[in-house]
Structure formats: structure tokens, C-alpha cells
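# no FASTA, just this:
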């Protein structure tokens with residue numbers, strides 16, 4: 001195991017300062033030590049960011065679950081072998097499986113509805129990262145989620161007007177949400193001490209799993225309840241939660257430690273000493289775009305999002321049409337994989353920082369280790385799902401393990417933009433998430449094409465093999481190109497080839 005000179009020096013300096021403060025009897029230094037052990041302003045930021053990401057993902061999965069109840073399955077022509085392939089565990093009559101919905105949309109149309117969000121989402125990734133870096137992330141994040149929440153609440157009306165109106169609405173919602181992750185990385189570039197990057201970022205990213213765990217079962221209950229209004233209530237509830245989050249975010253959150261009116265001097269000093277002086281640097285676009293480490297992250301990001309979006313958007317349909325679960329079961333069981341994912345994200349993020357802080361692994365080796373494990377294990381498991389036949393228990397367990405173990409990548413490639421260019425992490429994330437958004441609209445279409453009028457376990461097996469191949473390729477590219485130290489062009493005195501001023 002080796003450390004880069006920069007990597008080892010960074011960890012040594014930060015840890016030495018922390019140890020000195022904690023061991024000192026000086027009251028001011030002890031206050032600084034306490035700022036790393038008790039809940040502070042950066043932890044409050046993490047909690048609200050966690051709930052923001054959670055609400056965002058609850059809105060995403062709400063449509064995936066509600067779509068099963070919205071669509072009139074008797075209107076789409078399916079072969080008879082698909083309908084009788086498995087008998088569900090709570091199967092009573094044939095009508096339980098063929099629940100009639102309000103809309104006569106075939107599988108291809110459903111694929112377009114699910115994927116439309118990502119046509120807007122992909123457009124605002126890089127602009128979102130740049131705008132957040134240049135002008136601040138707090139308000140940009142708030143406006144983005146406000147837009148998505150409003151569009152979510154309008155989905156029932158849009159669907160009843162015309163499917164084309166619904167697709168346009170989904171695109172606009174994607175435009176708003178596209179700034180979320182780039183902006184979040186900009187905030188953590190301002191707030192996350194070097195040796196807390198995995199922990200804080202991992203905690204916030206785990207909000208996506210929390211949102212799915214919370215969103216899927218609640219969506220199933222709302223869809224199944226006539227008293228609560230059925231499937232339209234899914235969009236009113238989650239859209240309303242997004243608007244409520246917007247109010248509290250604008251009230252509580254601040255752009256940097258220096259902007260916070262009630263932050264302690266000890267916490268502010270601790271953060272600023274760790275991450276360095278905040279300053280404006282012109283964006284070195286050519287250096288960024290020709291950095292191999294960036295494209296290693298992009299390859300890994302693409303691979304994981306293929307797996308995530310394929311399962312996120314299609315799992316409810318698979319559980320209903322292949323495994324024959326009812327609506328309530330679909331909501332609860334679809335959320336189970338993300339409960340495990342949530343737990344693994346939290347634990348692995350803390351463990352990664354432990355390895356780095358104690359010099360067991362360099363930052364580069366840590367990122368490579370967790371990314372590789374987070375891809376190799378799910379690749380094997382997702383192929384196994386295709387061979388479970390009608391064994392409902394085994395299928396659910398393997399799907400849960402597939403999504404759960406993929407969360408090992410959180411302290412891997414997911415945090416890596418903050419390692420290689422903390423001052424431009426939002427822009428880097430915008431670039432990689434642009435590439436990684438492609439699976440968002442391609443995966444549902446691929447699933448729709450492969451299963452259209454032929455939704456059998458054999459066709460799903462092909463889908464699972466494709467997913468395994470993509471994530472294995474992503475693991476290999478990241479392992480080859482990954483770096484752990486800050487790039488020279490991210491520092492104040494570096495030379496840049498192309499500088500684009502605002």
C-alpha cells in the first residue's frame with residue numbers, strides 16, 4: 001500500500017492539528033476539539049440536505065409505483081405465457097393481477113413517461129455546477145427543488161389532459177432537479193473538513209435510499225386507498241413535502257461557515273483550516289475536461305446509474321407482471337433493497353474515513369477498493385435474479401442485496417470529485433452526472449422495448465445480463481483512472497490552459 005506524497009501529507013497535517021487540540025488543556029483548543037464531536041452547524045446542514053435528497057427521490061419513485069395503478073393493463077396486449085408464468089404469493093383471482101387503471105398506455109409509452117424526467121435532468125447538470133460554484137448553491141438548490149415539487153403536484157392533471165402534456169411536465173421537473181447534486185457538492189466543498197468528506201457526503205447521499213425506502217411503501221398505500229384519493233394523492237403528498245422543505249431550507253441553511261450568523265468560532269476555524277481559504281478561481285475548463293481521473297469517475301457514475309435507474313423505474317413493474325405481487329406488497333418490497341442500501345452507505349462511509357485517517361489506505365486506494373466491491377458483488381447478484389424463476393423470496397433477497405451492496409460505491413467514486421478538485425467539485429459532478437443521466441432515459445426505454453408484448457422472465461434475464469456487463473466495465477475503467485490527490489489545476493497558483501471568465 002502506498003500513499004501519494006500529497007495525500008499522506010494532507011492526512012498527517014489535519015490529524016496532527018486535531019490531536020494537538022484534543023490533548024491540550026487550553027480551553028479554546030478543547031472547544032475546537034468539541035466542535036468535531038458534537039452536533040454543529042455542518043451537521044445541521046447534513047440533516048437538511050439528507051431530507052432534501054430524500055424528498056427528491058420520494059417524488060421520483062412515486063411515479064414508478066403509481067404508474068402500476070394508473071395504467072389499464074387489460075388495454076395492452078401481452079402474451080398468455082407471461083400472464084401465467086408465476087402465481088403471486090397473495091394471488092386470489094385473475095382480476096387481482098390485471099387491475100384496471102385510468103390510462104391505456106402500452107409498455108413503450110410507459111417507458112417514455114418514466115424516462116422523460118431525465119431529458120430535462122441532463123440539461124442542467126453542468127450549468128448547475130457552474131452557477132453554484134460562481135454564485136452560490138443554497139438558493140439554486142432551493143429553486144430547483146421548488147420547481148420539481150410544483151411539477152410533481154401537477155402530474156395528475158397533466159396525465160388526464162394528454163400523455164404528451166405529462167411528458168413535457170416531467171421534462172420541466174427534471175430541469176429543476178438537475179441542479180441538486182452539483183449544488184450539493186459545492187456546499188460540501190465549503191463545509192466538509194477533509195477527513196469528514198466520506199462521512200458527511202455519504203450521509204447526505206444516503207438520503208436517496210431513505211427517500212426510496214419511505215416513498216415506495218407510502219406510494220403503495222396511497223395508491224391502494226380510495227379514502228385517500230388513490231394514485232393522485234402520491235403526487236400531492238410528496239410534492240407538498242418538497243414545498244415544505246423549501247421553506248425550512250431557505251430559513252436555516254447558509255452558503256459558507258463565514259456566512260452563518262451563529263456558528264461557533266471553533267467550528268468555523270476547524271473547517272476553514274481543513275479545507276483552506278475560500279477564494280474565487282477561474283474555471284480551468286481544458287484541464288478539467290482532459291483529466292483522466294474525471295472520466296474514470298464518469299464511467300463509474302454511468303455504470304451505477306444504469307443499475308439504479310433500471311431497478312428504480314422498472315422494479316415495481318417486474319414485481320407485478322412477473323412475480324405477481326399486489327399493490328401494497330409492491331410498495332413495501334420495492335423499498336426493501338434501499339433500506340439495506342441506506343445502512344451500507346452510512347457504515348461504509350465512516351469506515352472509509354477511518355481507513356484514511358489511520359493511514360491503513362491512501363485516499364486513492366480507498367476509493368478504488370470501495371468502488372470495485374460496490375460493482376463486482378452486484379454484478380453477480382443481478383445475474384442471479386434472472387435465474388430465480390418464481391421463487392419470490394429468493395428474488396426479493398437477491399434484489400435487496402444487489403442494491404444494498406452497490407451502496408459500497410458511496411465512499412468510492414461518489415466522493416472522489418471532492419478529493420481531486422474540491423473547489424470545482426460541483427462542476428465535476430455536473431459533468432459526470434450529465435454522462436450518468438443517459439441511463440435514466442435509455443434504461444426504461446430498453447426495458448420497454450425488450451418486454452413490449454413479451455414480458456417474461458427470459459426477457460428480464462437479458463436485461464439483468466446487460467446491467468451486469470455495464471457495471472463491470474465501469475468498475476474496470478474507474479480502477480484504472482482513479483486518483484486520490486488534489487489536481488494541480490485546482491490550486492490557487494496553478495497555471496491553466498483555458499480560462500473562461502463569467
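Looks like it came in fine. Computed from a predicted model, the values in this text were never measured in an experiment. Numbering: from 1, shown residues only.

# report the buried residues of the strand or helix carrying residue 464.
For residue 464, the host element (DSSP states H and E) is helix 457-481. By neighbour count on 16 or more other Cβ atoms under 10 Å, the buried set for helix 457-481 is 457, 459-460, 463-464, 466-468, 470-471, 473-479, 481. Where C-beta positions appear, they are placed from N, C-alpha and C, glycine not excepted.

# name the residues that touch it?
85-86, 292-293, 295-297, 299-304, 306-307, 310, 314, 318, 322, 368, 371-372, 375-376, 378-380, 382-383, 385-387, 389, 406, 412-413, 446-447, 450-451 (Cβ atoms under 8 Å, 6 or more residues apart in numbering).

# pull out the buried members of the residues you listed.
Here, 16+ other Cβ under 10 Å leaves 85-86, 293, 295-297, 299-304, 306-307, 310, 314, 318, 322, 368, 371-372, 375-376, 378-379, 382-383, 385-386, 406, 412-413, 446-447, 450-451 buried among the contacts of helix 457-481.

# out of those, list just those in helices.
Within those, residues falling in helices by DSSP state H are 293, 295-297, 299-304, 306-307, 310, 314, 318, 368, 371-372, 375-376, 378-379, 382-383, 385, 406, 446-447, 450-451.

# any low-confidence regions in the stretch 151-300 of the chain?
Residues of the stretch 151-300 of the chain meeting the criterion pLDDT under 70: 276-280.

# recalculate using a threshold of 50.
By pLDDT under 50, the stretch 151-300 of the chain has no low-scoring segment.

# what ranges does it have for its strands?
Counting by DSSP state E, counting those that start in this stretch, the stretch 151-300 of the chain has strands at residues 283-284.

# quick one: least confident helix or strand in this protein?
Using mean pLDDT, DSSP states H and E, the weakest-scoring helix or strand in the chain turns out to be strand 499-500, at a mean of 38.

# I'd like the distance between the residue positioned nearest the centre of the chain and residue 283.
Among the residues of the chain, the one closest to the centroid is residue 208, at 5.3 Å (Cα atoms, centre = their mean). According to Cβ to Cβ, to the nearest Å, residue 208 stands 28 Å off from residue 283.

# what of residue 245?
30 Å.

# try residue 190
For residue 190, the distance to residue 283 - Cβ to Cβ - is 17 Å.

# check residue 430 too.
With Cβ to Cβ as the criterion, residue 430 and residue 283 are 11 Å apart.

# so residue 66 sits against residue 218, correct?
No: using Cβ atoms under 8 Å, residue 66 makes no contact with residue 218, being 10.9 Å away.

# burial measure for the closest residue to residue 186 other than its chain neighbours, as a count.
Counting by Cβ to Cβ, 6 or more residues apart in numbering, residue 426 is the residue found nearest to residue 186 once chain neighbours are left out, at 3.6 Å. The number of residues packed near residue 426 is 33, by other Cβ atoms under 10 Å.

# would you confirm that residue 426 contacts residue 137?
Yes: look at residue 426 against residue 137 with Cβ under 8 Å: they come within range, at 6.9 Å.

# any residues in contact with both of the two?
Contacts common to residue 426 and residue 137, judged by Cβ under 8 Å, 6+ apart, are 183, 186.

# pretty sure residue 133 contacts residue 426?
Yes: when contacts are counted by Cβ under 8 Å, residue 133 is listed as touching residue 426 (5.0 Å).

# what is in contact with these two at once?
Both residue 133 and residue 426 are contacted by residue 186, under the criterion Cβ under 8 Å, 6+ apart.

# is it true that residue 341 touches residue 207?
No: under the criterion of Cβ under 8 Å, residue 341 makes no contact with residue 207, lying 11.4 Å away.

# dump the residue contacts of residue 169.
By Cβ under 8 Å, 6+ apart, the neighbours of residue 169 are 151, 154, 155, 158.

# where's the residue lying closest to it once chain neighbours are set aside relative to residue 62, distance?
Of all residues not flanking residue 169 in the chain, residue 158 sits nearest, at 4.5 Å (Cβ to Cβ, 6+ apart). Here the criterion is Cβ to Cβ. By it, residue 158 lies 14 Å from residue 62.

# higher neighbour count, these two?
Using other Cβ under 10 Å, the more surrounded residue of residue 158 and residue 62 is residue 62, with 26 against 18.

# might one say that the more buried one is in contact with residue 221?
No: assessed by Cβ under 8 Å, residue 62 is found out of contact with residue 221, at 11.7 Å.

# show the contacting residues for the closest residue to residue 263 other than its chain neighbours.
In space, and not counting its chain neighbours, residue 263 is closest to residue 41: 4.7 Å by Cβ to Cβ, 6+ apart. By Cβ under 8 Å, 6+ apart, the contact list for residue 41 reads 254, 257, 260, 262, 263, 267.

# try it again with 10 Å
35, 191, 252-254, 257, 260, 262-264, 267-268, 271 (Cβ atoms under 10 Å, 6 or more residues apart in numbering).

# most neighbours among the residues you listed, which one is it?
Among the contacts of residue 41, the one with the most neighbours (other Cβ under 10 Å) is residue 271, at 25 neighbours.

# so who does that residue touch?
Residue 271 touches 35-36, 40-42, 190-194, 196, 256-258, 263, 278, counting by Cβ under 10 Å, 6+ apart.

# how much space between it and residue 366?
From residue 271 to residue 366 the distance is 22 Å (Cβ to Cβ).

# also residue 377?
Separation of residue 377 from residue 366 (Cβ to Cβ): 17 Å.

# my read: residue 117 touches residue 171, true?
Yes: with contacts counted by Cβ atoms under 10 Å, residue 117 reaches residue 171, the gap being 7.0 Å.

# show the end-to-end separation of stretch 152-168, please.
In stretch 152-168, first residue to last residue: 12 Å (Cα to Cα, to the nearest Å).

# same question, stretch 410-430
17 Å.

# rewinding a little: residues in contact with the residue nearest to the centre of the chain?
Residue 208 neighbours (Cβ under 10 Å, 6+ apart): 50, 53-54, 56-58, 60-61, 181, 308, 312, 338, 341-342, 345, 407, 410.

# go on, residue 440?
By Cβ under 10 Å, 6+ apart, the contact set of residue 440 is 60, 114-119, 121-122, 174, 305-306, 308-310, 312-313.

# cheers, nothing more for now.
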